[in-house]
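Trainee: got a sequence here, can you build the structure:
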Amino acid sequence: MHRLLTAAVLLAAGPALADGIQITVAGEANGTITIDLLEDVAPQHVERITTLAASGAYDGVVFHRVIDGFMAQTGDVEHGKTGGDMRRAGTGGSDMPDLPAEFSDVPYDRGVVGMARAQNPDSANSQFFIMFNEGYFLNGQYTVVGQMVDGFEVLDAIKRGDGPNGAVIGQPDVMQTVTVTE
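Mentor: Residues are numbered from 1 along each chain as shown. Okay, the predicted model is just below:
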């Protein structure tokens, strides 16, 4: 309970919310997801996401791993573009170096955005995930980078994965555009 209260205070009063992003989703889900990025919680990760969004690198990237009741993962700017070999989606990153972990006390509640990584805690790059439900076993293990503020109906409609480890079979939903907001 204390952790939830702490997160609510952090999200409501401080840290200051940095720029956010708006994700226009197409596929089984259609609409916009709005995310506030938590610059004071994870400044290097927020900078990476805003840099990639501003450059258009996230445009056309699919939600390649979607586990019902858990999370929707996207952001593979190397192998996750529509029209590419979807068997490789989720195995790549950007051409920028991996980031050191920026773990915090912000818990993984519904709508929290975290950075995906390999086994090494300092291996986050471009991929991120959005929580469908709470996942407190992730607390302190993955960098929290943002919080959804709008578009939960769009998140809930994203095509679920049926393959190994939540891989989406067939045509996954896609981030048509990702724009930085102020």
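Trainee: which secondary structure element of the protein has the lowest mean pLDDT?
Mentor: Least confident element among the helices and strands of the chain, by mean pLDDT, DSSP states H and E: helix 2-12 (a mean of 38).
Trainee: just give the number of residues close to Gly170.
Mentor: The criterion is other CB atoms under 10 Å. On that basis, Gly170 has 8 neighbouring residues. Any C-beta I mention is one placed from the backbone N, CA and C, and that applies to glycine too.
Trainee: ignore what I typed, I meant Thr82.
Mentor: Other residues near Thr82 come to 17 when the count uses other CB under 10 Å.
Trainee: repeat that for Asp98.
Mentor: Burial of Asp98, expressed as a neighbour count using other CB under 10 Å, amounts to 15.
Trainee: tell me where the chain has strands.
Mentor: Taking DSSP state E as the criterion, the chain contains strands spanning 20-26, 31-37, 61-62, 65-67, 71-74, 112-115, 128-131, 144-150, 174-181.
Trainee: where are the low-confidence patches of this structure?
Mentor: 1-18 (pLDDT under 70).
Trainee: just to revisit the earlier point, do you know which of the strands of the chain lies nearest His45?
Mentor: Evaluated with CB to CB, the strands of the chain place strand 144-150 nearest to His45, the distance being 4.5 Å.
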